[in-house]
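Student: only geometry, no sequence info:
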């Protein structure tokens, strides 16, 4: 395991070619690790393979819908 210190925006630039996306202000997910989608009214989250639910921001919801992820 390695620990890197860099701005989140810089990390997003490094991950451009990776199979994933930023889904919230401080969350990036790998598409291969998504287990399911959790919906609670208007709130939507992605349940990851380790059981953690990652929230999806309203501003990124349309992009994920167009990709067929939610």
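Tutor: Ah, there it is. Keep in mind it's a predicted model, so treat the numbers as computed, not measured.
Student: Look at the residue nearest to residue 35 when sequence neighbours are not counted and give its secondary structure.
Tutor: Of all residues not flanking residue 35 in the chain, residue 47 sits nearest, at 4.9 Å (Cβ to Cβ, 6 or more residues apart in numbering). Placement of C-beta: from N, CA and C, glycine included. Three-state assignment for residue 47 (DSSP: H, G, I helix; E, B strand; the rest coil): strand.
Student: roughly how far is stretch 47-65 from the heart of the chain?
Tutor: How far stretch 47-65 lies from its chain's middle: 5 Å, per Cα atoms, centre = their mean, to the nearest Å.
Student: buried residues in that stretch?
Tutor: Judged by neighbour count using 16 or more other Cβ atoms under 10 Å, the buried positions of stretch 47-65 are 54, 56, 60, 64.
Student: Can you name the residues in contact with it?
Tutor: For stretch 47-65, the external contacting residues (Cβ atoms under 8 Å, 6 or more residues apart in numbering) are 21-25, 27, 29, 33-38, 43-46, 70.
Student: Quick one: buried ones out of these?
Tutor: Among the contacts of stretch 47-65, the ones that count as buried by 16+ other Cβ under 10 Å are 21, 22, 23, 24, 27, 29, 34, 44, 45, 46, 70.
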